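Participant: need a structure here:
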Amino acid sequence: MNTLPQQSLDTDSATRIAEDGARLFQRTFTDRLVAAYALGSLAHGGFAPAVSDIDLALVLTDRHQDDDRTVHRVTLELQERDSSHQRLSVFWNSLPALRTDREDGRFPAVDRLDLKDSGRLLVGADVRQDVRQPGVDTLVTDSVRFALRMLAPDPVLAEFRHPERLASDIRRFTKAVLLPLRFLYTAATADCGSTDDAIRHHLAQPSPVAEDLVRAATRARHGQPDPAVHLTELLHAGLVPLYLHYIDTTLLRLPPGTSDLSQGLITWRTRLLDP
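Facilitator: The predicted model follows:
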């Protein structure tokens, strides 16, 4: 069995999708939309045609109770246009929240940092100078909350133990392997960087954990995946050790007053080791 084919999407096409989305949200929110930006690899470079998301960020004048439903509805409308639009990922926040380094919509700290450093204006007025840059402690704790919410639930752990499905889907495979490297890179450098930056940082360490798996994920990210049977073998051997490395390293970096996050990581670690 080979990995499932993925639609390749060049940078120009991805940018047009982001621009289409920005214009639709501008029509939806009218004068409440301050600005829309491209984030991620479309903004700071390194877009991988086979797997990269299309990250779109919205800055609103204020927060209304139904904004989350509105963003969700319009995002679904865009994603339903075709398979390329399904890569669209929308972040949003109010400008007052961005000025005080907090989240009142869907805008994690690492993406707020990306906006501050590299956001590419698509529509509206550039307000990056008003965005407060998140500190290292915020970046670490926010990424831990995300990891515990998205990567520690039982269905995900079951998939880690039986990774055949991951091995057959390039985008899900690369995300599973490379997300912890992104978290570690940002915690170590206070820079959101790119996925390629995170890979280089990891592989530059003495005896990098799960090196063969990371190199296979890098090949898949650049459109040259190994056969799924080989990826399954690599996942069995390296995925859990890679996440244990992320957990152990992050436990040493958590700031004081985050015992709930420490306990969450410890519990996650124990469950990863359960047969």
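Participant: Can you get me a residue count around the closest residue to residue 189 other than its chain neighbours?
Facilitator: Excluding its sequence neighbours, the residue lying closest to residue 189 (CB to CB, 6 or more residues apart in numbering) is residue 201, at 7.4 Å. For glycine as for every other residue, the C-beta is placed from the backbone atoms N, C-alpha and C. Counted with other CB atoms under 10 Å, the neighbours of residue 201 add up to 19.
Participant: Buried residues in the strand or helix carrying residue 201, which are they?
Facilitator: Using DSSP states H and E, residue 201 sits in helix 195-203. Buried residues in helix 195-203, counted by 16 or more other CB atoms under 10 Å: 195-199, 201-202.
Participant: and if you look at stretch 248-268?
Facilitator: 250, 254, 258, 261, 264-265, 268.
Participant: Pull the most distant pair out of these.
Facilitator: 258 and 268 (14.4 Å; CB to CB).
Participant: Count the residues that sit near the closest residue to residue 113 other than its chain neighbours.
Facilitator: Closest residue to residue 113 apart from its sequence neighbours, by CB to CB, 6+ apart: residue 192 at 4.8 Å. The number of residues packed near residue 192 is 26, by other CB under 10 Å.
Participant: Could I get the pLDDT score of residue 192?
Facilitator: pLDDT for residue 192: 91.
Participant: And residue 120, by the same measure?
Facilitator: pLDDT, residue 120: 97.
Participant: Now do the contacts for it.
Facilitator: 37-39, 42-43 (CB atoms under 8 Å, 6 or more residues apart in numbering).
Participant: So, low pLDDT: which residues of the chain?
Facilitator: 1-7 (pLDDT under 70).
Participant: Domain-wise, how is it divided?
Facilitator: As given by automatic domain parsing, the domain ranges for the chain are 11-130, 136-273.
Participant: circling back to that earlier point, the residue nearest to residue 113: what secondary structure?
Facilitator: Secondary structure, DSSP: H, G, I helix; E, B strand; the rest coil: residue 192 is coil.
Participant: contacting residues for the spatially most central residue of the chain?
Facilitator: By CA atoms, centre = their mean, the chain has its centre lying nearest to residue 179, at 6.8 Å. Residues near residue 179 by CB under 8 Å, 6+ apart: 147, 151.
Participant: For it, give its distance to residue 219.
Facilitator: Here the criterion is CB to CB, to the nearest Å. By it, residue 179 lies 17 Å from residue 219.
Participant: which non-adjacent residue is nearest residue 125?
Facilitator: residue 35 (5.7 Å).
Participant: which of the residues in stretch 141-160 are buried?
Facilitator: Of the residues in stretch 141-160, 141-145, 147-148, 151-152, 157, 159-160 count as buried by neighbour count, 16+ other CB under 10 Å.
Participant: List phi and psi for the residue nearest to residue 45 when sequence neighbours are not counted.
Facilitator: In this structure, residue 45 finds its nearest non-sequential neighbour in residue 194, 6.5 Å apart by CB to CB, 6+ apart. Dihedral pair for residue 194: phi -120, psi 170, per degrees, to the nearest 10.
Participant: which residues does the nearest residue to residue 171 once chain neighbours are set aside contact?
Facilitator: Closest residue to residue 171 apart from its sequence neighbours, by CB to CB, 6+ apart: residue 51 at 4.7 Å. Residues in contact with residue 51, defined by CB under 8 Å, 6+ apart, are 6, 170-171, 174-175, 220-221.
Participant: now do 7 Å
Facilitator: By CB atoms under 7 Å, 6 or more residues apart in numbering, the contact set of residue 51 is 6, 170-171, 174, 221.
Participant: now do residue 247
Facilitator: 265, 268-269.
Participant: That one: which element?
Facilitator: Secondary structure assignment for residue 247, by DSSP H and E: helix 228-251.
Participant: Dihedrals phi and psi, residue 91?
Facilitator: Taking degrees, to the nearest 10 as the convention, residue 91 sits at phi -110, psi 150.
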